[in-house]
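Participant: Below are the sequence and a predicted model for it; my questions follow.
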Amino acid sequence: MAARRKRHDPWHGGVTPPSPSTIDLHTHTARSDGLLEPADLVAAAATAGVRLLAITDHDTLAGVREVVASGSIPPGLELLPGIELNAVVRDRPELMESEVHVLGLGVDLDDDELEATLELQRDRRRSRFTTMVARLAEFGLPIDDALAALPATGEDDALGRPRVARAMIAKGYVKSVEDAFERYLSHGRPGYVPRDGLGPIEAIRAIRAAGGLASLAHFSEAPVHLGVVRELQDAGLGGLEVYYRSFDDVVVRSMEDVAAELGLVATGGSDYHGDLEPYAATHARLWVPPTVEAPLRAALAGSATIR
Ligand SMILES: [Zn+2]
Ligand SMILES: [Zn+2]
């Protein structure tokens, strides 16, 4: 179907990569809401030509720890320990679902304080998940049996809406993860449960305290919400995700301008979760220019970060 693409819809764009990206600073594994085992993701990324990879699971470093402990990092690939924190924005209802996502790149895997913060986030995530499932059941859409049949995500799992969506697909309630979000799980829909947890400033501080670079993820509203970005920068935000799988040229250029104007390190990644396609297919549409690397390394200098 030749649906006309809205020029500024940042979620359905994409650029044509001039060459295969060697950097991907935003990925998920089965330790949070992705589907691939951490070792499989790392192997797939290496095969696709990635040389600098960050695993940024929601609220857990378990995937990174596993890969590091197993010694299964392919030769020629550097793994940057990362995290993604979904932060609740309580006083800015104009922001999408009133939350922003903060990536922590190069965080210390052994930082106890960060681990305690992540533990708390995981607890809140579990209780939100349970409430969501109960709400859907009240709405006549029980998913308990389908959830039980989904592959386990490990002890440190960060339960999220994608998992609810997958159970809904299995039950035949929806056609896809996107369909589930649109009809039931996004803000204002019957299964939506507001998140409880860290605010963006607390998230940024937690990342900084663990030696990481805090980068604002897929915030395509940055050019029109410069004030929000500045506020976060004052709290220690050091990066902006300028390159993102689904950003089109127009969005990328305006994000580049924001990063340059504010002096934020430009970061970029696929946000690969594994639902729709193999890593290689996503990577083929990802463009993170090699120029990202030097400022990133400079920003991370001093922390024992890249393995
Ligand atoms: Zn995110
Ligand atoms: Zn993500």
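Facilitator: Done, it's in. Ligands and ions are numbered 1, 2, ... in the order given.

Participant: counting residues per helix, which one in this protein is longest?
Facilitator: helix 112-138 (DSSP state H).

Participant: Can you tell me the SS state at whatever residue of the stretch 1-150 of the chain ends up closest to ligand 2?
Facilitator: For the stretch 1-150 of the chain, the residue closest to ligand 2 is Glu84, as judged by Cβ to the ion, at 4.8 Å. No exception for glycine: its C-beta is placed from N, CA and C like everyone else's. Here Glu84 is strand, with the state taken from DSSP: H, G, I helix; E, B strand; the rest coil.

Participant: For the closest residue to it other than its chain neighbours, which residues are in contact?
Facilitator: Setting aside the residues directly before and after it, Glu84 is nearest to Thr56 in space (Cβ to Cβ, 6 or more residues apart in numbering), at 4.5 Å. Neighbouring residues of Thr56 by Cβ atoms under 8 Å, 6 or more residues apart in numbering: Leu25, His26, Thr27, His28, Gly82, Ile83, Glu84, Leu103, Gly104, Leu105, Gly269.

Participant: Then Val42?
Facilitator: Val42 sits in contact with Leu53, Ile55, Val67, Ser72, Ile73, Pro74, Leu77, Leu79, where contact means Cβ under 8 Å, 6+ apart.

Participant: Just the closest of those residues to Glu119, please.
Facilitator: Of all these, Ile55 has the smallest distance to Glu119: 18.4 Å, by Cβ to Cβ.

Participant: Now the phi/psi pair for that closest one, please.
Facilitator: Backbone torsions for Ile55, taken as degrees, to the nearest 10, come to phi -90, psi 120.

Participant: By proximity to ligand 2, which residue of this structure wins?
Facilitator: Asp271 (4.3 Å).

Participant: re earlier: which other helices and strands contact the longest helix of the chain?
Facilitator: Counting by 3 or more Cβ pairs under 8 Å, 6 or more residues apart in numbering; DSSP states H and E, the packing neighbours recorded for helix 112-138 are strand 78-88, helix 144-149, helix 161-170, helix 200-209.

Participant: low pLDDT regions in the stretch 1-150 of the chain?
Facilitator: For the stretch 1-150 of the chain, the stretches with pLDDT under 70 are 1-13, 92-97.

Participant: what residues does it put near ligand 1?
Facilitator: Neighbours of ligand 1 within the stretch 1-150 of the chain, by Cβ under 5 Å from the ion: His101.

Participant: rerun at 6 Å
Facilitator: Residues of the stretch 1-150 of the chain lying close to ligand 1 by Cβ under 6 Å from the ion are Glu84, His101.

Participant: Touching the helix or strand Val250 falls within from outside, list them.
Facilitator: Using DSSP states H and E, Val250 falls within helix 249-262. For helix 249-262, contacts defined as Cβ under 8 Å, 6+ apart pick out 7-8, 10, 13, 15, 220, 222-223, 226, 229-230, 233, 239-244, 247, 264-266, 287.

Participant: How about the residue of the chain found nearest ligand 1: what's its closest non-neighbour residue?
Facilitator: Nearest residue of the chain to ligand 1, counting by Cβ to the ion: His101, 3.5 Å away. In this structure, His101 finds its nearest non-sequential neighbour in Ala217, 4.0 Å apart by Cβ to Cβ, 6+ apart.

Participant: Settle this for me: the one you found is touching Val102, isn't it.
Facilitator: Yes: at 6.6 Å, Ala217 counts as touching Val102 under the criterion of Cβ atoms under 8 Å.

Participant: shared neighbours of those two, which are they?
Facilitator: Glu84.

Participant: okay, the two: which has more neighbours?
Facilitator: The neighbour comparison of Ala217 against Val102 (other Cβ atoms under 10 Å) goes to Val102, with 27 against 22.

Participant: How about the more buried one: which residues does it bridge to?
Facilitator: Leu85, Leu216 (DSSP bridges).

Participant: tell me the contacts of it?
Facilitator: So Val102 contacts Glu84, Leu85, Ala87, Pro200, Ala203, Ile204, Ile207, Ala214, Ser215, Leu216, Ala217, Leu237 (Cβ under 8 Å, 6+ apart).

Participant: ok so, going back, quick one: residues contacting the residue of the chain closest to ligand 1.
Facilitator: His101 touches Glu84, Leu85, Asn86, Ala87, Leu216, Ala217, His218, Phe219, counting by Cβ under 8 Å, 6+ apart.

Participant: same thing with Asp271?
Facilitator: His26, Thr27, His28, Ala217, His218, Tyr244, Arg245.

Participant: Adding distance to ligand 2, write these out as TSV.
Facilitator: Shown next, in TSV, are the contacts of Asp271 (distance: Cβ to the ion, whole Å):
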residue	distance to ligand 2
His26	6
Thr27	8
His28	6
Ala217	6
His218	7
Tyr244	10
Arg245	10
